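Engineer: Could you look at this predicted model? Sequence included:
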Amino acid sequence: MNFAVLVFPGSNCDIDCFKAVEETIGQPVEYVWHTETDLSKYDGIIVPGGFSYGDYLRCGAIARFAPVMNALVQAAQQGKYILGICNGFQILLESGLLPGAMLRNESLKFRCHAAMLQVENAATPFTADYKQGELINIPIAHGEGNYYCDDATLAELQTNKQIVFRYEAGSNPNGSVDDIAGICNKAGNVLGMMPHPERAVHELFGSADGKRMFTSILSTWREKHGAAVNG
């Protein structure tokens, strides 16, 4: 399974994502610069966290117009697996690949700490190795992670089981509507989340709960393509 990690000016979690793929599932992975216009060789694409274009205008607003985004939209339409983390989630929202928008944290402070998430949908390509309702420890690091959408959109997300992760009840760190920490598109192949699974792939990091996100993607892809699973 071939992975791409997109890199925008100001990305700073690209190396973490690259290492998470390389060291947790041992699959081919490459950095792809924002000027690239062809993503056809990749099966999984990660849009990493950071501060693309310095967060000018608003988070993800400029990155949304980068040349690589047209190819990313095509990849999403083709059913390829796309994971947007933190600023990557913001970029997916700005591009329209996911519904809703991001506001400043209610505290107006940058929050960087461990966070407990509840797995709300364990039937996606990104959560197949988790249990429904399981609590997992995935760190956050954001100043604008307050997910917002209107009532009609929220009802649609709930009905279609597009809410993949919620912050544990009573521990919402940013004020996001319905405690949302991550959502997917209707097809289930595009996931955006504010917490950082790539920073939770080894117990030395304080948690290894993020590792199963990467194994989930690989096992789902292999099942879909009939590939044999190696150890």
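Structural biologist: Structure's in. What do you need?
Engineer: Can you mark which positions in the host helix or strand of residue 15 are buried?
Structural biologist: Counting by DSSP states H and E, the element that carries residue 15 is helix 14-24. The neighbour-count check on helix 14-24 (16 or more other Cβ atoms under 10 Å) flags 14, 16-18, 20-21, 24 as buried. Where you see a C-beta, it was placed from the backbone N, CA and C, and this is true even at glycine.
Engineer: What strands line up against the helix or strand where residue 46 lies, and which way round?
Structural biologist: Assigned by DSSP H and E, residue 46 belongs to strand 44-47. Strand 44-47 has the following strand partners under DSSP bridges: strand 3-7 (parallel), strand 81-85 (parallel).
Engineer: and the gap between residue 170 and residue 213?
Structural biologist: Going from residue 170 to residue 213 by Cβ to Cβ, to the nearest Å gives 24 Å.
Engineer: Looking at those two now, which is surrounded by more residues?
Structural biologist: For residue 170 versus residue 213, neighbours defined as other Cβ atoms under 10 Å are more numerous around residue 213 (27 against 7).
Engineer: and the residue lying closest to residue 47 once chain neighbours are set aside, what does it touch?
Structural biologist: Among residues not flanking residue 47 along the chain, residue 88 sits closest, at 3.2 Å (Cβ to Cβ, 6 or more residues apart in numbering). By Cβ atoms under 8 Å, 6 or more residues apart in numbering, the contact set of residue 88 is 6, 46-49, 192.
Engineer: are any of the residues you listed buried, and which?
Structural biologist: The neighbour-count test (16+ other Cβ under 10 Å) marks 6, 46-49, 192 as buried among those.
Engineer: Check which helices and strands the longest helix along the chain sits against.
Structural biologist: The longest helix of the chain (DSSP state H) is helix 211-225. Helix 211-225 sits against helix 14-24, strand 81-85, with contacts defined as 3 or more Cβ pairs under 8 Å, 6 or more residues apart in numbering; DSSP states H and E.
Engineer: mind running it again at 7 Å?
Structural biologist: helix 14-24 (3 or more Cβ pairs under 7 Å, 6 or more residues apart in numbering; DSSP states H and E).
Engineer: For this protein, which segments count as helices?
Structural biologist: For the chain, the helices defined by DSSP H occupy 14-24, 68-77, 87-95, 151-159, 211-225.
Engineer: and residue 134, which of these is closest to it?
Structural biologist: With Cβ to Cβ as the criterion, residue 134 lies closest to helix 211-225 of these, at 9.6 Å.
Engineer: What ranges in this protein fall below the confidence cut-off?
Structural biologist: 227-231 (pLDDT under 70).
Engineer: ok, now with 80
Structural biologist: 226-231 (pLDDT under 80).
Engineer: list the buried ones in stretch 84-103?
Structural biologist: For stretch 84-103, a neighbour-count test (16+ other Cβ under 10 Å) marks 84-95, 97-102 as buried.
Engineer: Please look at residue 148 and residue 99 and confirm they touch.
Structural biologist: No. With contact defined as Cβ atoms under 7 Å, residue 148 does not reach residue 99; the gap is 10.4 Å.
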